[in-house]
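Asks: Build me a model:
(one chain, ligands or ions: 2)
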Amino acid sequence: MKQSETSPSGAAVRPLRVSRVQSPLTGTTVVPGDKSISHRSLMLSALAKGTTHITGLLEGEDVLCTADAMRALGAVIHRHADGSWTVEGRGLGQLQEPADVLNMGNSGTSARLLSGILASHNMMSVMTGDASLRRRPMKRVIIPLSETGARFMSREGGRLPLAIQGSAEPKALEYRLPVASAQVKSAILLSGLNAKGETRVEEPVPTRDHTENMLKHFGVQISVEETSAGGRIIRLQGGQSLKAADVIVPGDPSSAAFIVVASLLVAGSEVVIENVGLNVLRTGLFDTLREMGGQIEVLNQRIEAGEPTGDLRVKASALRAVDVPAERASSMIDEYPVLSVAAAYAEGVSRFRGLGELRVKESDRFASTIALLEVNGVRTSVEGDDLIVHGTKGAIPGGGCVGTHMDHRLAMSATVLGMVADQPVEVDDTTFINTSFPGFFELLNRIGAGLAA
Ligand SMILES: O=C(O)C1=C[C@@H](OP(=O)(O)O)[C@@H](O)[C@H](O)C1
Ligand SMILES: C=C(OP(=O)(O)O)C(=O)O
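Replies: Ligands and ions are numbered 1, 2, ... in the order given. Below is the predicted model:
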């Protein structure tokens with residue numbers, strides 16, 4: 001593909017040819033801030049009274065979309081020269097009607113969480129996104145949020161653009177999640193903040209709990225109860241005011257994932273990644289890689305702003321196949337594309353169970369992960385929602401051209417695959433990496449990847 005071509009978003013396409021890395025990856029590094037926590041810090045601080053200082057905010061395009069949206073809703077948001085941010089909140093119920101369409105770019109988290117806030121404020125708003133986001137299902141939030149009294153108009157199938165008439169007197173919801181989704185859970189909890197009475201969300205499988213943790217950090221009383229079946233029930237009373245509270249965002253474990261897998265696979269590597277968020281509802285990949293024989297050590301474990309954090313020391317390791325249970329999927333839902341690269345390099349046949357949710361991410365990640373492997377000579381098979389990867393014992397043929405379909409995680413996984421494949425790998429477009437991991441190639445090159453990017 002030529003440099004002059006444009007992606008479906010209209011931006012210039014940036015293809016990349018990735019060749020096998022010739023020497024070990026070494027050194028100490030840090031990855032950018034956690035995307036989930038960054039979104040929530042901007043949304044909750046805009047709903048709070050007072051000024052919140054945020055350090056370590058991810059300055060990726062997804063989070064910048066959230067910042068723009070919260071500005072359009074009346075929050076005053078500044079980035080300072082030292083990279084920290086301040087948000088002067090409006091207070092709950094005090095958001096202003098946005099004067100124009102809110103553009104959520106490539107970001108499902110922005111669109112779904114914000115829909116909970118917009119539905120519970122008495123105003124009219126319209127939300128859109130890029131071609132990838134406009135394909136993704138929004139009914140999962142529209143259906144429950146309609147019960148609050150808010151009205152939604154969307155394209156066929158509940159797709160963006162979405163018009164929302166927020167409710168003047170939002171009703172509190174009682175809702176059991178039909179899919180394991182932290183975005184849906186969070187949308188309902190955020191709408192419950194400005195509703196009358198108790199909001200109750202039950203999740204059959206625990207999902208990332210950053211919204212719950214950060215609500216507590218902003219002074220909201222919220223109860224979390226474990227059910228006998230292994231799920232959780234979360235309750236909060238509407239009408240509690242949020243108080244500005246400074247936030248320190250840890251490094252994103254979902255970004256660290258690419259550096260961890262690359263360091264495990266490139267022979268002789270030893271890399272330390274400092275300040276990685278280690279919330280147990282996010283670390284399924286690291287557990288899985290350890291089961292495969294990966295040497296990943298946690299150093300300097302601590303709690304920072306309510307979230308477990310630590311440094312990871314990763315040493316190149318011979319990996320063997322793994323069988324990942326469906327119950328683990330929500331703790332590593334964004335990590336399957338890069339796990340599949342590790343499994344392709346490992347010895348033996350791996351199985352990842354229960355991956356239905358991968359079909360509704362930035363791309364259909366079930367299909368695009370299979371294509372990533374197959375086009376590079378790695379055998380896969382599918383049984384229902386299970387993905388089976390036939391490991392090559394360190395001999396991934398490579399030589400393929402990978403279609404990334406506006407999906408940052410596909411582009412980064414393809415890069416890692418190219419770094420250890422026998423033949424160079426073409427990645428059709430790397431522009432979307434900036435949604436979650438600005439500086440990805442620079443970081444890899446600092447630890448010795450020698451990429452031409
Ligand atoms: O709540 C969040 O910040 C996220 C939840 C997950 O999505 P789902 O809620 O759709 O599983 C994840 O895939 C996404 O990257 C971020
Ligand atoms: C699925 C992802 O994000 P979002 O849903 O916010 O687009 C992701 O970052 O992998």
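
Asks: Around ligand 1, pick out the residues from the stretch 151-300 of the chain.
Replies: Where the stretch 151-300 of the chain comes near ligand 1, counting by C-beta under 6 Å from any ligand atom, the residues are 181-183, 186, 208. Backbone N, C-alpha and C define where each C-beta goes, glycine included.

Asks: Over to the stretch 351-453 of the chain?
Replies: Checking the stretch 351-453 of the chain against ligand 1 by C-beta under 6 Å from any ligand atom, the hits are residue 357.

Asks: hmm, 8 Å instead?
Replies: 357, 360-361 (C-beta under 8 Å from any ligand atom).

Asks: Out of these, grab the one that's most surrounded.
Replies: Counting neighbours by other C-beta atoms under 10 Å, residue 361 leads those with 21 neighbours.

Asks: Can you give me the distance of residue 88 to residue 76?
Replies: Distance, residue 88 to residue 76, by C-beta to C-beta, to the nearest Å: 4 Å.

Asks: Could you do residue 219 as well?
Replies: 20 Å.

Asks: OK, contacts around the residue of the stretch 251-400 of the chain found nearest ligand 2?
Replies: For the stretch 251-400 of the chain and ligand 2, the shortest gap (C-beta to the nearest ligand atom) falls at residue 334, measuring 3.8 Å. Residues in contact with residue 334 (C-beta atoms under 8 Å, 6 or more residues apart in numbering) are 254, 257, 361, 409.

Asks: before we move on, what about residue 87?
Replies: Each residue near residue 87 by C-beta under 8 Å, 6+ apart is listed here: 41-42, 45-46, 51-52, 54, 70, 75-77, 244.

Asks: Farthest-apart pair in the residues you listed, please.
Replies: 41 and 76 (15.1 Å; C-beta to C-beta).

Asks: more neighbours, those two?
Replies: Using other C-beta under 10 Å as the criterion, residue 41 and residue 76 rank with residue 41 on top: 33 against 13.

Asks: Would you tell me whether the host helix or strand of residue 111 gets close to ligand 2?
Replies: Here residue 111, judged by DSSP states H and E, is contained in helix 108-119. Yes. Contact of helix 108-119 with ligand 2 (C-beta under 8 Å from any ligand atom) involves 108-112.

Asks: quick revisit: out of the contacts of residue 87, which end up buried?
Replies: When the contacts of residue 87 are checked for burial by 16 or more other C-beta atoms under 10 Å, the buried set is 41-42, 45-46, 52, 54, 70, 75, 77, 244.

Asks: can you tell me the average pLDDT over whichever strand or helix holds residue 211?
Replies: For residue 211, the host element (DSSP H and E) is helix 210-217. For helix 210-217, mean pLDDT is 96.

Asks: And that helix, how far out from the chain middle?
Replies: 17 Å (C-alpha atoms, centre = their mean, to the nearest Å).
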